[in-house]
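> Predicted model, plus sequence, below.
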Amino acid sequence: QVHLEESGGGLVQTGGSLRLSCAASGRTVSSKAMGWFRQAPGKEREFVASTSWSGGRTSYADSVKGRFTVSRDNGKNTVYLQMTGLKPEDTAVYYCAADSDPWRLRSVLADYLGQGTQVTVSS
């Protein structure tokens with residue numbers, strides 16, 4: 001079993017930055033791909049970014065490429081999402097996700113999902 005807990009969300013102005021963290025527990029978490037989804041009000045949940053179990057391979061949604069960076073520290077069982085150049089359209093609940101198959105994360109599927117953290121970008 002894997003438990004995921006996000007932190008770091010909040011209110012930020014357009015152009016600002018935030019770093020989300022996801023603390024993972026479970027003895028197999030370091031072997032799993034991890035990533036981030038988000039869901040804005042009235043919209044479907046969407047893929048944001050993912051990282052392979054080693055952190056050596058990352059993937060991003062086109063809407064965040066060049067602005068967001070996903071990374072992980074397996075020694076701390078933590079994955080991060082550094083968000084810069086935030087826009088009002090980035091406003092959403094951000095969810096941490098983990099799965100054995102990184103391609104499932106791209107399809108917004110995951111064996112494990114956190115409770116989410118709210119990110120609000122004001123214009």
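Happy to help now that I have it. Residues are numbered from 1 along each chain as shown.
> what's residue 53 sitting at in phi/psi?
Reported as degrees, to the nearest 10, the phi and psi values for residue 53 are phi -60, psi -30.
> The helix or strand bottoming out on mean pLDDT in the chain: which residues count as buried?
Least confident helix or strand, the chain: helix 102-106 with a mean of 93, by mean pLDDT, DSSP states H and E. Going by neighbour count (16 or more other C-beta atoms under 10 Å), the buried part of helix 102-106 is 102, 104, 105. Where you see a C-beta, it was placed from the backbone N, CA and C, and this is true even at glycine.
> Do I have it right that the second one meets residue 110?
Yes - counting by C-beta atoms under 8 Å, residue 110 is a contact partner of residue 104 at 6.5 Å.
> Which neighbouring elements make contact with the least confident helix or strand of the chain?
strand 33-39, strand 46-51, strand 58-60 (3 or more C-beta pairs under 8 Å, 6 or more residues apart in numbering; DSSP states H and E).
> switch to 6 Å and redo it
Counting contacts by 3 or more C-beta pairs under 6 Å, 6 or more residues apart in numbering; DSSP states H and E, helix 102-106 is packed against strand 33-39, strand 46-51.
> Rebuild those as a markdown table, extending it with mean neighbour count.
Below are those laid out as a markdown table (neighbours: other C-beta atoms under 10 Å):
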| stretch | mean neighbour count |
| --- | --- |
| strand 33-39 | 25 |
| strand 46-51 | 22 |
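> out of those, nearest to residue 81?
strand 33-39 (5.0 Å; C-beta to C-beta).
> tell me the mean pLDDT for the closest one?
Mean pLDDT, strand 33-39: 97.
> Note down every partner strand of that strand and its orientation.
Paired strands of strand 33-39, with direction, are strand 46-51 (antiparallel), strand 92-99 (antiparallel) (DSSP bridges).
> Compare those strands and give me the one nearest residue 6.
strand 92-99 (4.9 Å).
> what's the average pLDDT for the closest one?
97.
> Run the chain-centre distance for that strand.
5 Å (C-alpha atoms, centre = their mean, to the nearest Å).
> Next one: the residue nearest the centre of the chain from residue 6, what distance?
For the chain, the residue nearest the mean C-alpha position is residue 36 (2.3 Å; C-alpha atoms, centre = their mean). Distance, residue 36 to residue 6, using C-beta to C-beta, to the nearest Å: 9 Å.
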